[in-house]
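Chemist: Below are the sequence and a predicted model for it; my questions follow.
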Amino acid sequence: MTETTTSNNPHCTIEGCGNPYHGKGFCSMHYKRWLRYGNPLHFPFNKTIVKCSVNGCENASKTKGFCPKHYERQRKYGDPQIIKTRELRKNKRLPCSIDGCDEVSVGHGYCMKHYQRYRTHGNPLVKSTQKQKRTKNPLGTSPVSPKRMCSIDGCDNPHESKGYCQKHYRKFQKYGDPLKEIRSRQQRACSIDGCERKYRSKGYCAKHYEKLRKYGNPLREIESQQHRICTIDGCERKYRSKGFCDKHYQRYKKYGDPLKEVRRSHKGLCSVSGCDNPDYSKSFCHEHYQSYKKHIEPPKEVRQPQKGLLCSIDGCDNPSRTKGYCPKHYHKYKRYGNPLWVYTPALKRTCSVENCEKPHSGKGFCEKHLRKFKLYGDPLGKAAPRPKKQPKCSVEGCENLRTKRGYCTEHYLNYWNYGDPLINSVSPPKKQDTCSVEWCERQSDRKGYCNTHYNRVIKYGDPLGKATRKIREKRTCTVDGCNNPHVGNGYCRKHYDVVRKRGTAGL
């Protein structure tokens, strides 16, 4: 097999193939086979169709010898020949599944009659024991069915579902038996003798059940912790934890022995005679050390109150609490250093104005008189208005009131316009630079003229008025014998169009 060019052989070189040339002497189909398999005559697969393995099915097999329809049935139901009811109902409804019944099925494979029995009694073959009589409607001729009752003997409650009333249907739904007897828990009592409390759990009431759950014995007596005391001999303090009071419990928790003696960290006692307090600093207790620190003197001997049943203050019958004082005197002693300290409230200051008893606010006055004092300078009322000085004009001999910069209105305008307040504004002096035009007294602006005459010079060339304009001659066509007005290139409109179209030869 030789390769030929497209110019000598424009078609495929394979015998019997008349497709156009594509490459390497082959058409597009044989060229792709040659690239993929190395042989342009290679046939990749056999196109013989295999039918579905189910008898009577002529569809092509796709997976595991089945067509897509039978493969789905095999995968879902395990049988490729199973018939779904929906597929049959599309063409024709199935008959009732009850033997001997030829009616068309409506639901769950039953006809209407058996389906209603199935919904009511749970069994399509059960017949109702009560014969329901249909009576006539007193308002018309249409029949009316009577109310359906419960199927349980002796129960006159209305029907709820499956032949039972609501009560028996709930039992049937929960226990499977509509006649099951349910014991009420409210009638049960605690199993402990003499206890008539309501049943809670495991045969006991709530109280005994908690004892059983917590201690393992429902009859255990629990000692009240309110009246318990420390178990240490001779200690009558209140119980706290693990049989000890707070003091012994802290020792037990810290050292492991509630009776261990703890030494004080202080070196000794206070050096002041009669003071048994522990040493705090510089051989003084805390109280005497503060006195020493404040006055920088050795503290004097302080009489310590004797501890007793009553307060050490004469005439006070309250029981003592700390350092021989009752709580009232001890608070005064601790705060002010004197248990007999008496509070003397300061006198309320009033207004200094006579017959005014309002509280003081500021500067010896109440709020009302203070406001008047700030406004008028007198706390009793509004003061007489002070005469205002009316400044006059600073120009000698002018008695007009001053307005701005020390001048009255007239002199201020002279000062603003001419720089001198004494110049008369009615006849101001004429300045030296004036317009060069006679009888014009305006100030010169440019080139010796005022603004008006200078604009006339620029516009007309004459400061006194308009200049005589030259009459411009009208231009006519250059063609001999034509007097039409000029338009362009020396010609009128007519000859200009001719020259533009035909040239000068057309003239």
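Modeler: Looks like it came in fine. Numbering: from 1, shown residues only.
Chemist: What is the end-to-end distance of stretch 398-413?
Modeler: One end of stretch 398-413 sits 15 Å from the other (Cα to Cα, to the nearest Å).
Chemist: avg pLDDT for it?
Modeler: Stretch 398-413 carries an average pLDDT of 88.
Chemist: Please apply the same query to stretch 362-375.
Modeler: 89.
Chemist: repeat for stretch 199-208
Modeler: pLDDT averaged over stretch 199-208 gives 87.
Chemist: Quick check: buried residues in that stretch?
Modeler: Y199, R200, Y204, C205, H208 (16 or more other Cβ atoms under 10 Å). Yep, even glycine has a C-beta here, placed from its N, CA and C like the rest.
Chemist: gap between the two ends of that stretch?
Modeler: 10 Å.
Chemist: Quick check on K404: phi, psi?
Modeler: phi -140, psi 140 (degrees, to the nearest 10).
Chemist: was I right about it contacting Y412?
Modeler: Yes - K404 is in contact with Y412 according to Cβ atoms under 8 Å; the separation is 5.2 Å.
Chemist: And those two? Which one has more around it.
Modeler: For K404 and Y412, the more surrounded residue by other Cβ atoms under 10 Å is Y412, and the numbers stand at 17 against 12.
Chemist: Run a quick check on the more buried one versus R402, I expect a contact.
Modeler: No - using Cβ under 8 Å, Y412 makes no contact with R402, being 9.1 Å away.
Chemist: Let's test this: mean pLDDT of stretch 174-193, rounded?
Modeler: On average, stretch 174-193 scores 76.
Chemist: end-to-end on that stretch?
Modeler: Stretch 174-193: ends 35 Å apart by Cα to Cα.
Chemist: Report the distance from it to the chain centre.
Modeler: 53 Å (Cα atoms, centre = their mean, to the nearest Å).
Chemist: Point out where the stretch 1-150 of the chain drops to low pLDDT.
Modeler: Residue ranges of the stretch 1-150 of the chain with pLDDT under 70: 1-9, 44-48, 83-93, 128-147.
Chemist: can you give me the helices for the stretch 351-500 of the chain?
Modeler: 367-376, 409-418, 451-460, 493-502 (DSSP state H, counting those that start in this stretch).
Chemist: And those: which comes nearest W341?
Modeler: Closest of the helices of the stretch 351-500 of the chain to W341 is helix 367-376, at 34.7 Å (criterion: Cβ to Cβ).
Chemist: now what about that closest one, what contacts it?
Modeler: 351, 353, 356, 358, 361-363, 365, 378-383 (Cβ atoms under 8 Å, 6 or more residues apart in numbering).
Chemist: redo that, cut-off 7 Å
Modeler: The contact list for helix 367-376 (Cβ atoms under 7 Å, 6 or more residues apart in numbering) reads 351, 353, 356, 358, 361-363, 365, 378-379, 381-383.
Chemist: And stretch 246-253, by the same measure?
Modeler: By Cβ under 7 Å, 6+ apart, stretch 246-253 touches C230, I232, C235, R237, R240, S241, K242, F244, D257, P258, K260, V262.
Chemist: so who does the fifth one touch?
Modeler: So that's R240. D246, Y249.
Chemist: what's the spacing between it and E221?
Modeler: Distance, R240 to E221, using Cβ to Cβ, to the nearest Å: 22 Å.
Chemist: just the first one next, same as before
Modeler: The gap separating C230 from E221 is 21 Å, by Cβ to Cβ.
Chemist: Ok, the second one next?
Modeler: According to Cβ to Cβ, I232 and E221 sit 24 Å apart.
Chemist: which one of the two has more residues nearby?
Modeler: Taking other Cβ under 10 Å, I232 and E221 do not tie; I232 has more neighbours (17 against 7).
Chemist: I figured the more buried one was touching P258, is that so?
Modeler: Yes - counting by Cβ atoms under 7 Å, P258 is a contact partner of I232 at 6.2 Å.
Chemist: Which neighbours do the two have in common?
Modeler: F244, H248.
Chemist: Got the domain ranges for this protein?
Modeler: 234-261, 286-336, 345-383, 391-423, 430-469, 474-507 (automatic domain parsing).
Chemist: and these, which one is worst for confidence?
Modeler: Looking at the domains of the chain, the weakest mean confidence is domain 286-336, a mean of 74.
Chemist: ends of it, how far apart?
Modeler: Start-to-end, domain 286-336 (Cα to Cα) is 16 Å.
Chemist: Could you measure from R148 over to Y164?
Modeler: 11 Å.
Chemist: more neighbours, the two?
Modeler: Shown here are R148 and Y164; by other Cβ under 10 Å, Y164 has more neighbours (21 against 15).
Chemist: got the contact list for that one?
Modeler: Contacts for Y164 (Cβ under 7 Å, 6+ apart) come out as C150, S151, I152, F172, P178.
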